[in-house]
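**Student:** I would like to see how this sequence folds:
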Amino acid sequence: MTPAHPTEPSYGIPVSPLLTCHPDKQRLYGADTYYQESHDQLAALTGDITGFAHRHALLLLKPDAVVARRLDVAVDWLAGQGFRIVGAAVTRLTRTMIRSLWYFQWNLATPYRRRLAALFLEDADALVLLVRPRHDLDVPASVELTRLKGPTDPDARRPGQLRHLLGRYSYLLNLVHTPDEPADVLRELAVHFDDSERDRLFRSALADEDRTGHARELTGRLYDATASRNLAFDPAVVRLRDTVSRHPGADPSATPRTLLETAWRRGIELDPWDAVIVGSKVLPMRQPGRTPVLDGADADTWRLHLDTVRATAN
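**Tutor:** Numbers count the residues shown, from 1 in each chain. The predicted structure follows:
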């Protein structure tokens, strides 16, 4: 006989409300392969998955940070903000990985943004730093690091924030990324790394090893493997005009946006970085009227959330 109230099917593992402020993220991440992989692997190493996720944050230094030679600046900034590097590894932001990392936010991207991202994110390797604060915080480490990092909008960045320090280039060329919440830290570790690399990072972090020296060693390797680039807008426009002017019928005096769209339409080969530098400044990067499928929460929201969860538990 069919029960009157059939049990709702389970598609994944439970995600603690201590790992995210969002019920939708609890439901979706519980069924997410990447989250499950990190969760299960970490569970075999420690009985305190929630504590680990709260105490640790990730900083992704993207290819634009590599070519702009800003990795060492970020490492120094972390120390100045009271964060200790307990794990470091190199990653490659492939087309698939980009979509996996920002799967629940990529719905905001315009076709221009997707095209430009493909030009530079795979051009060089990137650096992932697993960090923990030297002192206890009243919010998860990922929430605090995201606050200190600064916003995506270059005009909204303020002195002292990492993105302000590294260079206010454009919405797309923001040099760094941080997972928003503890659940995102676990998920993104599995997006970047296979089982063996995650195991190394988890064990290093659980042992509270200082991996700053290793991070600096990887910084040197990345610099050696890639040419440096000036990410400033005006010189890139000059180079773009020079390239377009070599083709009959093109108007080198056109606006930067027209120059770029003309080059694309006519199949003119452009320097990828120049296309990204100019395009990310003059082309729309975000679809108007849309919100991300999942998002993070600020520190004040997290404080209220933690109070509510703990009160409910008691």
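**Student:** hey, where'd the helices end up in the stretch 51-200 of the chain?
**Tutor:** Counting by DSSP state H, counting those that start in this stretch, one finds helices in the stretch 51-200 of the chain at the ranges 63-67, 71-80, 95-101, 111-120, 141-149, 162-166, 182-192, 195-206.
**Student:** Would you reformat those as a markdown table and include distance to Ser280, mean pLDDT and mean neighbour count?
**Tutor:** (Glycine included, C-beta is placed from N, CA and C.) Converted to a markdown table, those look like this (distance: least, C-beta to C-beta, whole Å; pLDDT from 0 to 100; neighbours: other C-beta atoms under 10 Å):
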| stretch | distance to Ser280 | mean pLDDT | mean neighbour count |
| --- | --- | --- | --- |
| helix 63-67 | 10 | 97 | 25 |
| helix 71-80 | 20 | 98 | 18 |
| helix 95-101 | 15 | 94 | 16 |
| helix 111-120 | 6 | 93 | 18 |
| helix 141-149 | 18 | 98 | 23 |
| helix 162-166 | 14 | 96 | 20 |
| helix 182-192 | 23 | 98 | 26 |
| helix 195-206 | 30 | 98 | 17 |
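**Student:** For Ala156, which of these is the nearest?
**Tutor:** In terms of C-beta to C-beta, the element of the helices of the stretch 51-200 of the chain nearest to Ala156 is helix 162-166, at 9.5 Å.
**Student:** and that closest one, what does it pack onto?
**Tutor:** Taking 3 or more C-beta pairs under 8 Å, 6 or more residues apart in numbering; DSSP states H and E as contact, the helices and strands that helix 162-166 lies on are helix 71-80, helix 141-149, strand 176-177.
**Student:** mind putting the ones you listed in JSON lines, distance to Ala126 included?
**Tutor:** Shown next, in JSON lines, are the helices and strands packed on helix 162-166 (distance: least, C-beta to C-beta, whole Å):
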{"stretch": "helix 71-80", "distance to Ala126": "10"}
{"stretch": "helix 141-149", "distance to Ala126": "15"}
{"stretch": "strand 176-177", "distance to Ala126": "9"}
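**Student:** what's the closest of these to Leu222?
**Tutor:** Closest approach to Leu222 among the helices and strands packed on helix 162-166 (C-beta to C-beta): helix 71-80, 6.6 Å.
**Student:** what's in contact with the closest one?
**Tutor:** For helix 71-80, contacts defined as C-beta atoms under 8 Å, 6 or more residues apart in numbering pick out 59, 61, 65, 84-85, 127, 129, 131, 162, 165-166, 176, 212, 215-216, 219, 222-223.
**Student:** Appreciated, that's everything.
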